[in-house]
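Novice: my questions are about this predicted structure, shown below with the sequence.
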Amino acid sequence: MTAIPEFGTKRGNEERRDGGCGVVFDPQTQKFAVSTRMHDGFPRLGLFSGGVGPEEDIKDGVLREVTEESGLYDFKYVEKIAEAMCHYHNNLKNVNRVAHATCFLIIVKSVDVIEVKREEHEKFTLHWATAEEILENWKFRNEKYQNNDVDHWIYFLKKGIGRLQELGYVL
């Protein structure tokens, strides 16, 4: 059995909330779907992600979260690509978390979206960015806050890029 990597900075009073995220790719534009919101004067990018209940299938739960948060729904390919234990501070809910996160590579058929009604704390929008733009944003964030809160996303994005290349997509 392969060990699951662990990322982030352990903090006191961590709340356990298992779930997952999606590395969402559009082959037409060669860009990835991310959430974006302004924080401390700069755009904060993130993978679409969320908690999944113990009775919910992890794949179904992650696809539900991606659709609820981004509006994207027209998927042509979905594959589990990685798992990790993640320690992070959830800024949207202002809580320290630890999570067993499962990441899926999601390739869209189209970038059509349905109307979304985000939760009160979800103050972000759908944005399309290159892998380089996303990684630069996350590295800056890690350096600025010195908390490694996005190390698991860096790991997941790199896993997604590697799998896309194996599938024949040129990035």
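Specialist: Cool, the structure landed.

Novice: strands along the protein, start to end?
Specialist: Under the criterion DSSP state E, the chain contains strands at 6-7, 15-16, 19-26, 31-39, 42-46, 48-51, 75-90, 95-108, 125-129.

Novice: between the longest one and strand 19-26, how many degrees?
Specialist: Between strand 75-90 and strand 19-26, the angle comes out at 130 degrees (axes from the mean of the first three to the mean of the last three C-alpha atoms, to 10 degrees).

Novice: would you mark the buried spots in strand 75-90?
Specialist: The neighbour-count check on strand 75-90 (16 or more other C-beta atoms under 10 Å) flags 75, 78, 81, 82, 83, 84, 85, 86, 87, 88, 89 as buried. No exception for glycine: its C-beta is placed from N, CA and C like everyone else's.

Novice: tilt between that strand and strand 95-108?
Specialist: 170 degrees.

Novice: state the distance from residue 47 to residue 32.
Specialist: For residue 47, the distance to residue 32 (C-beta to C-beta, to the nearest Å) stands at 9 Å.

Novice: tell me which of the buried residues of strand 75-90 is nearest to residue 161?
Specialist: residue 81 (10.0 Å; C-beta to C-beta).

Novice: looking at the strands of the chain, which is nearest to residue 115?
Specialist: That would be strand 125-129 among the strands of the chain, by C-beta to C-beta, at 11.9 Å.

Novice: in stretch 146-153, what counts as buried?
Specialist: Under 16+ other C-beta under 10 Å, the buried positions of stretch 146-153 are 148, 149, 150, 151, 152, 153.

Novice: ok, these vs residue 94, which is closest?
Specialist: Of all these, the one with the least separation from residue 94 (C-beta to C-beta) is residue 149, at 13.2 Å.

Novice: ok, and the closest non-adjacent residue to the closest one?
Specialist: residue 88 (4.2 Å; C-beta to C-beta, 6 or more residues apart in numbering).

Novice: tell me the contacts of that neighbour?
Specialist: When contacts are counted by C-beta atoms under 8 Å, 6 or more residues apart in numbering, residue 88 touches 8, 96, 97, 99, 147, 149, 150, 152.

Novice: so, low pLDDT: which residues of the chain?
Specialist: 1 (pLDDT under 70).

Novice: pick out the residue closest to the middle of it.
Specialist: By C-alpha atoms, centre = their mean, the chain has its centre lying nearest to residue 47, at 2.4 Å.

Novice: got the contact list for it?
Specialist: Applying C-beta under 8 Å, 6+ apart, one finds that residue 47 lies in contact with 21, 22, 23, 24, 34, 35, 103, 153, 156, 157.

Novice: wait, the third one touches residue 103, no?
Specialist: I take that to be residue 23. Yes: the criterion here is C-beta atoms under 8 Å, and residue 23 meets it with residue 103 at 6.3 Å.

Novice: that's all I had, so thanks and see you.
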